[in-house]
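**Q** this is a predicted model, with the sequence first.
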Amino acid sequence: MAEKPKAPPSPESSQSKETGASPQPSAGAPAAAPPVKPAVPAAAASPPAQVPLANELTRRYRERFGAAILGALEDRKQPILIVDLSQMLQIARYSRDTERFDLLEDCTAVDWPRREKRFDLVAQLYSFTHNTRLRLKISLGVAEQAYSLAGIWPTANWLEREIFDLFGIEFLGHPGLKRILLPDEWQGHPLRKDYDILQQDTAWVRENLGIESGQ
Amino acid sequence: MHEDATHKTETLLGADELILNMGPQHPSTHGVLRVKLKLDGERVIGSECVIGYLHRGVEKIAENRSYQQFAPYVDRMDYVAAVSNGLGYCEAVEKLLMVEAPPRARVIRTILTELQRIASHLLWLGTHALDIGALTPLFYCMREREEILKIFEKYCGARLTTHAFRIGGLQYEAYDTLEKDVERFCQSFEARVQEYSDLLTGNSIWIGRTRNVGVLNSADCIALGASGPVLRASGVQWDLRKAMPYAAYDQYKFEIPIGTNGDTYDRYIVRIEEMRQSRLICLQAIENIPAGPIMARVGKVLKPPPGEVYHSIESPKGILGYYVVSDGGTQPYRVRIRPPSFVNLQALDKMIRGHLVADVVAIIGTLDIVLGEVDR
């Protein structure tokens, strides 16, 4: 529902030439549809992107796990379940076995340093049976450890090693948690927000590459 | 060599296990992949992949660039299928912005992406055959791939890292003879695919080197997240272009080729057939490219409303996913790229156990990995 109101203005509005002409479409295009602020196109008039979700699926989850389902919402028509860390393994197992989300398409993390619980662990599930997706989100404090999904979806093995490598999140029950992209001795976790883009492990670079800076 | 996590296995002649280091500078590892093989004589009894040599922190870079500025970087992940990378990224950000590319743009995107799939499979076929010892197909494959790269060059000026698409549509209108060029390529290509097939499909050396090598059944594929031709060769008829159509794929008729055994030979058959299907998609698409604008109404400064989106496409290698989080600013808060090569490579250990060292070369080839994408 979020996308509908935005779609109509697009066809006739912008030029079919090149971006050289792009100051004009925003200023001069006689937009037939509701006037959209030219500078900030999508953000200004659009309906809220995230809406609470209550469908059959979330009802089943809530029925079974009760308070462990902290929230259910829909963002850009994509369903998201926010689940409690302590129940994440049970919920994951239930998702695979009962709801038939047999593929863990992706597993990653997002760092929100200002939040009380700093990390979001995000798992994208896909069901071959129903051709649907579901996103599980788990909030995690900096001192907390997550539970490894590798016992449920073996594909999580490397994905979690990457999260450990780049975010420093540890996974309990992981078959071999160590860095995967960066060198084993590297200090720091680059995808954390407090790790500057120019920052690096200078000691490692000096010692192993024999140069002062890798930049 | 460091001690290995895998426990000691009884060797055939009671001899010591041998640890053999393959790569990172090895022509058959298709880039800087290092595999530590644990051997019993010539038989592989364990392995460990060491990756990251090409890690550039693409996801970190994304957080420090505007949405448009980051688009060229994705081309440099899977650098032999840059167009597909760009398509996935542009569509993901479009979803985040809640805009849709106009129909004309979507069709042109589809044509170029399918050409890119053919080009990627051609490069795979040539190098894979070369790894196994068939020298000839490489030259033929490169010849056809060149035709595709020429079309890319005419369209956007670049051959490999094309940056062909923009968020919201296309920057460049299709050049005058695009349809003709694509048609000419497609007409000649049918016979060419047959030529490769004649060289390899019934070739007893080829069959001997590929059949029952690196078998991965469908349950293992799904458990390990292996996607693309690897999944389809194991008998799962599933393709994101059909399951969750994007671009203009819902308008075209094509088949999803599958294998039965999930071995290296089946993966070869599947990719050959996929090239034929891509050719059919291109032919259907050039029949009717709708007129109209090629760019949706997006501003110069992109500020998606806060939120997140996950969008994935069927890249030549498998599921290529983008998870983009916006905090309402002009730069993405987080871009996560789900690389098919990285996830498929995880299956390598399972596939090579019990095989000979020479088969490891064939199995790395059949996975069709690109290290730029594995390491990002």
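**A** Received it, and whenever you're ready, just let me know what you need.

**Q** any idea which residue of chain A lies closest to chain B?
**A** A:Thr155 (3.1 Å; Cβ to the nearest Cβ). To be clear about C-beta, it is placed using only N, CA and C from the backbone, and glycine gets the same treatment.

**Q** list the contacts of the nearest residue to that residue once chain neighbours are set aside.
**A** Distances taken as Cβ to Cβ, 6 or more residues apart in numbering or on different chains place B:Gly225 nearest to A:Thr155, at 3.1 Å, with adjacent residues excluded. By Cβ atoms under 8 Å, 6 or more residues apart in numbering or on different chains, the residues touching B:Gly225 are A:103-105, A:153, A:155, B:343-344, B:346.

**Q** repeat that for A:Ser86.
**A** For A:Ser86, the contact set (Cβ under 8 Å, 6+ apart) comprises A:Ala68.

**Q** hang on, the earlier thing: and the contacts of B:Gly225 as a markdown table, adding secondary structure, distance to A:Asp111 and pLDDT?
**A** Below are the contacts of B:Gly225 laid out as a markdown table (DSSP: H, G, I helix; E, B strand; the rest coil; distance: Cβ to Cβ, whole Å; pLDDT from 0 to 100):
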| residue | secondary structure | distance to A:Asp111 | pLDDT |
| --- | --- | --- | --- |
| A:Leu103 | strand | 26 | 92 |
| A:Leu104 | strand | 21 | 92 |
| A:Glu105 | strand | 21 | 91 |
| A:Trp153 | coil | 23 | 93 |
| A:Thr155 | coil | 23 | 92 |
| B:Val343 | helix | 22 | 93 |
| B:Asn344 | helix | 27 | 92 |
| B:Gln346 | coil | 24 | 91 |
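
**Q** what packs against the top helix by length along chain A?
**A** Counting residues, the longest helix found in chain A (DSSP state H) is helix A:156-167. Applying 3 or more Cβ pairs under 8 Å, 6 or more residues apart in numbering or on different chains; DSSP states H and E, one finds that helix A:156-167 contacts strand A:103-111, strand A:171-172, helix B:340-345.

**Q** quick one: the last one near chain A?
**A** Spelled out, that is helix B:340-345. Yes. Judged by Cβ under 8 Å from any Cβ of the partner chain, helix B:340-345 comes into contact with chain A through B:342-343.

**Q** next SSE downstream of that helix?
**A** From helix B:340-345 onward toward the C-terminus, using DSSP states H and E, the following helix or strand is helix B:348-352.

**Q** and the shortest one, by the same measure?
**A** If you walk from strand A:171-172 toward the C-terminus, the next helix or strand you reach (DSSP H and E) is helix A:202-209.

**Q** can you pull the buried residues of that following helix?
**A** For helix A:202-209, a neighbour-count test (16 or more other Cβ atoms under 10 Å in any protein chain shown) marks A:204-205 as buried.

**Q** for that helix, output the C-alpha coordinates as CSV.
**A** Backbone C-alpha positions of helix A:202-209 (Å, rounded to 0.1, in the frame of the first residue of the first chain) are rendered in CSV as follows:
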residue,chain,number,x,y,z
THR,A,202,48.2,0.2,12.0
ALA,A,203,50.3,-2.2,14.1
TRP,A,204,49.2,-5.1,12.0
VAL,A,205,49.8,-3.2,8.7
ARG,A,206,53.3,-2.2,9.8
GLU,A,207,54.2,-5.6,11.0
ASN,A,208,52.8,-7.6,8.1
LEU,A,209,53.0,-5.4,5.1
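
**Q** neighbours of residue 141, how many?
**A** No chain was given, so I picked chain A. 12 (other Cβ atoms under 10 Å in any protein chain shown).

**Q** could you do chain B instead?
**A** The tally of other residues near B:Cys141 (other Cβ under 10 Å) stands at 23.

**Q** residue contacts, it?
**A** Applying Cβ under 8 Å, 6+ apart, the residues near B:Cys141 are B:122-123, B:125-126, B:196.

**Q** same question, B:Glu153
**A** B:Glu153 touches B:Arg159, counting by Cβ under 8 Å, 6+ apart.

**Q** show me where chain B dips below the pLDDT cut-off.
**A** Along chain B, the parts satisfying pLDDT under 70 run over B:1-15.

**Q** cool, chain A as well?
**A** A:1-48, A:214-215.

**Q** point to the residue nearest the middle of chain A.
**A** A:Val122 (5.2 Å; Cα atoms, centre = their mean).

**Q** isn't that one up against A:Leu134?
**A** No. Using Cβ atoms under 8 Å, A:Val122 is not in contact with A:Leu134, being 11.4 Å away.

**Q** rewinding a little: in a markdown table: the contacts of B:Cys141, plus neighbour count and secondary structure.
**A** As requested, these are arranged in a markdown table below (neighbours: other Cβ atoms under 10 Å in any protein chain shown; DSSP: H, G, I helix; E, B strand; the rest coil):
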| residue | neighbour count | secondary structure |
| --- | --- | --- |
| B:Leu122 | 28 | helix |
| B:Leu123 | 20 | helix |
| B:Leu125 | 26 | helix |
| B:Gly126 | 23 | helix |
| B:Tyr196 | 22 | helix |
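
**Q** farthest pair within the residues you listed?
**A** B:Leu123 and B:Tyr196 (12.6 Å; Cβ to Cβ).

**Q** make JSON lines from the contacts of B:Cys141 and add distance to B:Val80 to it.
**A** Below are the contacts of B:Cys141 laid out as JSON lines (distance: Cβ to Cβ, whole Å):
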{"residue": "B:Leu122", "distance to B:Val80": "9"}
{"residue": "B:Leu123", "distance to B:Val80": "5"}
{"residue": "B:Leu125", "distance to B:Val80": "12"}
{"residue": "B:Gly126", "distance to B:Val80": "11"}
{"residue": "B:Tyr196", "distance to B:Val80": "17"}
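
**Q** which of those residues lies closest to B:Tyr53?
**A** Using Cβ to Cβ, the contacts of B:Cys141 come closest to B:Tyr53 at B:Leu123, 20.5 Å.

**Q** what's near enough to touch residue 128?
**A** By default, I'm working from chain A. A:Phe128 is in contact with A:100, A:102-103, B:222, B:236, B:238, counting by Cβ under 8 Å, 6+ apart.

**Q** my bad, chain B
**A** Counting by Cβ under 8 Å, 6+ apart, B:His128 has contacts B:268, B:362, B:365-366, B:368.

**Q** rewinding a little: what's in contact with the longest helix of chain A?
**A** By Cβ under 8 Å, 6+ apart, the list of residues contacting helix A:156-167 reads A:104, A:106-109, A:111, A:119, A:121, A:148-150, A:169-171, A:174-182, A:189-192, B:59, B:342-343, B:346.

**Q** weed out the non-buried ones from the residues you listed.
**A** A:104, A:106-109, A:111, A:119, A:121, A:148-150, A:169, A:171, A:174, A:177, A:179-182, A:189-192, B:59, B:342-343, B:346.

**Q** rewinding a little: the longest helix of chain A: how far from the chain's middle?
**A** Relative to its chain's centre, helix A:156-167 lies at 14 Å (Cα atoms, centre = their mean, to the nearest Å).

**Q** that one versus strand A:103-111: what angle between them?
**A** 10 degrees (axes from the mean of the first three to the mean of the last three Cα atoms, to 10 degrees).

**Q** so what does the closest residue to chain A within the stretch 151-300 of chain B have for phi and psi?
**A** Per Cβ to the nearest Cβ, B:Gly225 is where the stretch 151-300 of chain B lies closest to chain A, at 3.1 Å. With angles defined as degrees, to the nearest 10, B:Gly225 sits at phi 80, psi 10.
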